[in-house]
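Undergrad: could you work out the structure for the sequence below:
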Amino acid sequence: MATTEIETSPEGKRHHKRTFTGFGKQDLKKEKAKWPKEALAIWEKFEAGEPATKENFQKSFVHHVNSTLARSIYNIDNFSAYQATAHSVRDKLIERWNATQQAHTEADKKRVYYFSLEFLLGRSLDNALLNLGLKEQYGEGVKELGFRMEDILQQEVDAALGNGGLGRLAACYMDSLATLDYPAWGYGLRYTYGIFQQGIKDGYQVEFPDYWLNFDNAWELPRLDIAIEVRFAGYVNKYTDETGRERASWEGGDSVQAIAYDVPIPGYGTKNCINIRLWSSKPKKQFDLGRFNEGEYEQAVQEQMKAENITAVLYPNDNHMVGKELRLKQQYFWVAASLHDIIRRFKKTSRPWAQFPDQVAIQLNDTHPTLAIVELQRILVDEEGLTWDDSWNIVTRTFAFTNHTVLPEAMEKWPVPMVEYLLPRHMQIIFDINLFFLQNVEKAFPKDRDILAKLSIIEEATPQFVRMAHLAIVGSHRVNGVAALHSNLIKATIFKDFVKYYGPKKFENKTNGITPRRWLHQANPKLSELITEAIGNKHWLKDLSLLKNLESHVKNKDFRRRWVAVKHSNKVRLADYIKSHTGIDVNPNALFDVQVKRIHEYKRQFMNILGVIHRYNYLRKLTPEERQDVVPRVVIFGGKAAPGYYIAKLVIKLINNVAAVVNKDETIEDLLKVVFIPDYNVSLAEIIVPASDISQHISTAGTEASGTSNMKFVLNGGLILGTVDGANIEIHEEIGTDNIFLFGHLSDEVEDLRHDHRYRQVPIDPALQAVITDIESGHFGEQRIFAPLINTITFGKDYYLISDDFGSYLDAQKLVDEAYKNEEDWARKSILCTARMGFFSSDRAIDEYAEQIWDLEKVPVKSD
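TA: Residues are numbered from 1 along each chain as shown. Coordinates of the predicted model:
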């Protein structure tokens, strides 16, 4: 927390000086002693915020309309009402944020810093109101002012700071860190245009910039005075210092500025309000007036455009070298600014460097922030003058690494020449880290030269590559997977040689979790009310294991009826959304079958739509009498494909073409509808998840690290159709075999099946072949369009094993149909799913990280 210091000039006049970190107890007393008593009394008098009453909210609302927005009662619309409400709520957050930062500074305990390239926060107003316990009274307040809270909440756009599960996990973890009173900061990037807004044109995905920052963003606090210089390129100057030590200095090159924007994150049922600091890239010199005056208008702003590109877009398309270079610059820019901030905060404590890991824990959320390991080593050796060994001891005690994939092709790596050009000193340090590491490996395994190549941070190719996952493992004291199967798989496959060297203790499992505050209390308020009534209090929002108490209500017929009524109302809400945004009419009495997630071959949306075609052709063959016994189904897709991922974009095209045919076929009536909902995001998930009857999590076994959308659906009483993969396994263990539909081959069979596809003539499943033939006939559009997609199964040797799993997939779908016909039993399954999800709270996961990896203590903020 930044504070004000008073200094006395030589002339004896007092002036104020901005400091960027709060004072500890002793320093605070010294500073207070410098202030005139009269001034201090005035500050203390007005510093205390007003009570969060309805009347005070209305006063704040009107103030922000008149002053912040410069409007009046006569020209305010719903969006202006949202802005005024958001600023009023932010005022309360800032009070808690200031108190939290001061409390953490005074306590002087270890902090955790969560580095994530994504923070998929969604909308903030509703979440803040619920966590602060203000939604009811503020709702009444805006109603008396002539507005509806429901309309106001809809005005907010999602923060475009992430794309998928990685970012949503980070957001859930920040919510839990705040709720559990842990001293924590998040560090990320402030993307000007997000990843992209998804549109659908002629069935194809089209990408548009996400202009989420066009209007006032009430949830960020610009810290324009915090500007950190970040260098790229240049050269390394070797020199001998006054003690005779050989030193290195990174000099020259180009620099940009990292500007800080803070996002307060309130905890639930606590005064704690922590912070996510996002960095925006700006040039050191924004405008070249000389060039402008010479008529070189584009060149006058060239430096500004070049600098701002760094944080313009999440995951720039890297199908070309310019995109790859921008991604690397993005990652270094982020970690360099963040470490500068952390080190400044540490130095304020006046501790020796040896105590840095006792005050600082840095969690790397995937490989994107791995350069932080090298940057900290550079700072300690080159700038602080520590020895290499002392520095490396500090580095490896500071960092911990979360791995999120088992796919070798998803392991991030950078060409050595590119790293050498952009970060010349860092490349030298990486080579040294690798050399010293491999020397130790060679001592441990003197007769095994193969293991040196397997463990090396540098991949010997043309050109050489830096393996970021290897660097993250070597530079961290703990490595964790995110589900039991995933953690076992990485130890047995991609990281098995590291386990051989380090031993198994360095590698842990921390099964992912989700926050029930967002994903049940906020997303499904009617179900939240019913659960609270049944349990007798809201304690379950901070102790999800209390949901177990719902099991005693399963046999209560009235409770089941009310449970089903809540589900139906959520399906009606989703049906209304689908109609208004796609024009498709769907029947809320049908089974809602949902698959919403990032579009990728391993997630197998392709298999899902192939199954839909099979179902469609089956329905067409039935007589009207036979159709009477069919369960109506609405199949709902959503998710974005990476702009450069051609096959994934073809999957979206096929889904939309199938939907166009199926939805117009009056012969099957309402027995099957297919919907692709564009621009899937957090706010849309909050509508879709509570409405699901069945959700599909059907990745090829051994490819999904964990998944968290499966947890959200089950927490809301939806059943899973899935493979034995990721967190599906642990969900199955918790909720029971009767309440989940599993199918497909197991992970230990996958490699043998792939071997057979590569070297033997494996026949395609007959039912799948019939579907492929139907597509190739032109039934769903020109055959040539989908030929590359079909080829992934045929000529491509079916790497993701769609043919191998297709038969059991169809069998599992039949079981779903039969189970859904028994309404009473389905309601029991739904209740038991929710009741047994206590393990999957992000609170449980964060407590495990804090106790077993970070060695972190809670620092509660005292109530007023």
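Undergrad: residue closest to the middle of this structure?
TA: G167 (0.9 Å; CA atoms, centre = their mean).
Undergrad: that one belongs to a helix?
TA: Yes - assessed with DSSP: H, G, I helix; E, B strand; the rest coil, G167 lies in a helix.
Undergrad: which one is it nearest to, not counting chain neighbours?
TA: Spatial nearest neighbour of G167, excluding adjacent residues (CB to CB, 6 or more residues apart in numbering): E118 at 2.8 Å. From N, CA and C alone the C-beta is placed, and that goes for glycine too.
Undergrad: got it, and D151?
TA: N78 (5.0 Å).
Undergrad: and the gap between that neighbour and L153?
TA: 10 Å (CB to CB, to the nearest Å).
Undergrad: list phi and psi for the residue nearest to G167.
TA: Dihedral angles phi and psi of E118 (degrees, to the nearest 10) take the values phi -130, psi 140.
Undergrad: can you give me the distance of it to F840?
TA: Counting by CB to CB, the gap from E118 to F840 is 20 Å.
Undergrad: other residues contacting stretch 726-734?
TA: 482-486, 511-512, 697, 699, 704-708, 710-711, 714, 720, 722, 724, 740, 742, 836-840 (CB atoms under 8 Å, 6 or more residues apart in numbering).
Undergrad: tell me if V631 really is in a strand.
TA: No - assessed with three-state DSSP, V631 is coil; it does not lie in a strand.
Undergrad: what about A469, how many residues nearby?
TA: 24 (other CB atoms under 10 Å).
Undergrad: next one: the residue nearest to G167 from V675, what distance?
TA: Relative to V675, and taking CB to CB, E118 is found at 27 Å.
Undergrad: who has more neighbours out of those two?
TA: For the pair E118 and V675, the greater number of neighbours falls to E118 (25 against 22), based on other CB under 10 Å.
Undergrad: which residues sit in contact with the more buried one?
TA: By CB under 8 Å, 6+ apart, the neighbours of E118 are L161, G162, N163, G164, L166, G167, A170, G188, L314.
Undergrad: pLDDT score assigned to the last one?
TA: Okay, so that is L314. Among the per-residue scores, L314 shows a pLDDT of 91.
Undergrad: the second one now?
TA: Listed pLDDT for G162 reads 92.
Undergrad: now do the SS call for it.
TA: coil.
Undergrad: I793 touches I764, doesn't it?
TA: Yes - shown here, I793 and I764 form a contact pair, counting by CB atoms under 8 Å, at 7.0 Å.
Undergrad: what about the residue nearest to D151, how many neighbours?
TA: Every residue meeting other CB under 10 Å relative to N78 is counted, giving 14.
Undergrad: check E824 too.
TA: Neighbours of E824 (other CB under 10 Å): 11.
Undergrad: K567 and W519, how far apart?
TA: 16 Å.
Undergrad: same question for Q58.
TA: In terms of CB to CB, Q58 sits 31 Å off from W519.
Undergrad: more neighbours, these two?
TA: Neighbours were counted for Q58 and for W519 using other CB under 10 Å; W519 has more, 27 against 17.
Undergrad: sec struct for Q595, please.
TA: strand.
Undergrad: leaving out chain neighbours, which residue sits closest to it?
TA: Q696 (4.2 Å).
Undergrad: is it true that the one you found touches V596?
TA: No - contact criterion CB under 8 Å: Q696 and V596 do not qualify, at 9.3 Å.
Undergrad: tell me which other helices or strands the host helix or strand of F606 touches.
TA: Using DSSP states H and E, F606 sits within helix 605-621. With contacts defined as 3 or more CB pairs under 8 Å, 6 or more residues apart in numbering; DSSP states H and E, the packing partners of helix 605-621 are strand 633-638, helix 646-662, strand 672-677, helix 766-776, helix 802-821.
Undergrad: deepest in the core, which of those is it.
TA: Sort the helices and strands packed on helix 605-621 by mean neighbour count, taking mean count of other CB atoms under 10 Å, and strand 633-638 sits at the top with a mean of 25.
Undergrad: contact partners of that one?
TA: By CB under 8 Å, 6+ apart, the residues outside strand 633-638 that reach it are 574, 578, 586-587, 590-597, 605, 608-609, 612, 615, 655, 671-678, 680, 684, 688, 817.
Undergrad: tell me the buried residues within these.
TA: 574, 578, 586-587, 590-597, 605, 608-609, 612, 615, 655, 671-678, 680, 684, 688 (16 or more other CB atoms under 10 Å).
Undergrad: pLDDT (mean, whole number) over the longest helix seen in the chain?
TA: Scanning the chain for the helix with the most residues, using DSSP state H, yields helix 78-107. For helix 78-107, the mean pLDDT works out to 95.
Undergrad: run the chain-centre distance for that helix.
TA: 23 Å (CA atoms, centre = their mean, to the nearest Å).
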